[in-house]
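# Here you go, sequence then predicted model.
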Amino acid sequence: MRIKLKITFDELELPLNYNSVIQGFIYNNISDKRFRDFLHNKGFKYEKRNFKLFTFSRLEGIFKINKKNNRISFTSPIYLTISSSVDEFTNDFGNTILNEENLYLGKNKIRVESIQTNNKKIKSNNIKIKMLSPVTTYSTVDLRGHKRTIYHSPGEELFTKLIYENLQKKYKLIYGEEIEDDKFDIIPKKTKSVLTKYKDFIIKGWLGELELKGDEKLLQIAYDVGLGSKNPQGYGNFEVI
């Protein structure tokens, strides 16, 4: 399920790289403590990897950047999209948000004016998408005893290969079986690179428009839980155009 929040406020100022603030806002508004702790600390295990199976967009709205202090100020209202394949997560979060009077985004008091829900079903093996948060994928290599992260770009073979392998793992985790269709492709249309920072890590990602080709179930998973890596940190959320 996908939910879109319309958020209003008197004032809203955040760090320029606010992904961790949004992530904290999401975790803090899951009322089931046992599930919240599970999602935050563990997630759904696949082999040696753990997946949280949710993602979220950037904040959509009018904003102004203060480069001197690396802050961003928004004009009310703004919109936030959160998506997951786990109904327990979206249902709990949505109900909590609706019933909580004192909501804060960072140190800013906010109001959720409305929640739109969307259970969109992907019914095509070829979709055009617009990224709502950057898509990122990378390799970690060892250079002279030091680990280095190499980020890949749309159009590179490794970009498509690594994203496909990531989706295969999510597919097996959700459906309990291997995906039979091995045809998958990502075609960049209009893209631009962006450098973001999550806590102390610099992350290179891509915004813009892409074309995805593959099995409908695989594309559905990408739509529900995110394309590429670092989805629960606010990467890989998109809309179909």
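Alright, I've got the coordinates. None of the values given here were measured: they were computed from a predicted structure.
# Which strands or helices does the longest helix belonging to the chain pack on?
Counting residues, the longest helix found in the chain (DSSP state H) is helix 157-175. Contacts defined by 3 or more C-beta pairs under 8 Å, 6 or more residues apart in numbering; DSSP states H and E place helix 157-175 against strand 44-46, strand 49-51, strand 138-143, strand 185-198, helix 216-225. All C-beta spots, glycine's among them, are computed from the backbone N, C-alpha and C.
# just checking, what packs against the longest one?
Judged by 3+ C-beta pairs under 8 Å, 6+ apart, strand 185-198 is in contact with helix 19-28, helix 157-175, strand 201-213.
# Out of the ones you listed, which gets nearest to Q233?
Closest to Q233 of the helices and strands packed on strand 185-198 is helix 19-28 (C-beta to C-beta; 5.6 Å).
# Beyond that closest one, next helix or strand please.
Following helix 19-28 in sequence order, the next helix or strand is helix 33-41 (DSSP states H and E).
# buried residues in that following helix?
R36, L39, H40 (16 or more other C-beta atoms under 10 Å).
# quick one, domains of this protein?
The chain breaks down by automatic domain parsing into domains covering 2-118, 126-240.
# My read is that E211 contacts N125, right?
No. Using C-beta atoms under 8 Å, E211 is not in contact with N125; the gap is 11.3 Å.
# ok, the two, which is more surrounded?
Shown here are E211 and N125; by other C-beta atoms under 10 Å, N125 has more neighbours (16 against 13).
# Need phi/psi at the more buried one.
For N125, the backbone dihedrals (degrees, to the nearest 10) come out as phi -100, psi 10.
# got a list of contacts for the worst-scoring helix or strand of the chain on mean pLDDT?
For the chain, counting by mean pLDDT, DSSP states H and E, strand 44-46 ranks last in confidence among helices and strands (a mean of 77). Identification of contacts with strand 44-46 by C-beta atoms under 8 Å, 6 or more residues apart in numbering yields N50, F51, K52, L53, K169, K170, K172, L173.
# same thing but 10 Å
Strand 44-46 is contacted from outside by 38, 50-53, 85-86, 169-174, using C-beta atoms under 10 Å, 6 or more residues apart in numbering.
# Now the buried members of these.
So, by 16+ other C-beta under 10 Å, the buried ones in the contacts of strand 44-46 are F51, K52, L53, S85, V86, K170, Y171, L173, I174.
# The first one contacts D224, correct?
Looking back up the chat, that one is F51. No. Taking C-beta atoms under 10 Å as the definition, F51 is not a contact partner of D224, at 11.8 Å.
# Touching both of these two, which residues are there?
S85, K170, I174.
# most centrally placed residue in this structure?
T55 (3.0 Å; C-alpha atoms, centre = their mean).
# Next one: that one from S76, what distance?
24 Å (C-beta to C-beta, to the nearest Å).
# do the same with T90
24 Å.
# Compare neighbour counts for the two and give me the winner.
T90 (20 against 16).
# sec struct for the more buried one, please.
Secondary structure assignment for T90 (DSSP: H, G, I helix; E, B strand; the rest coil): helix.
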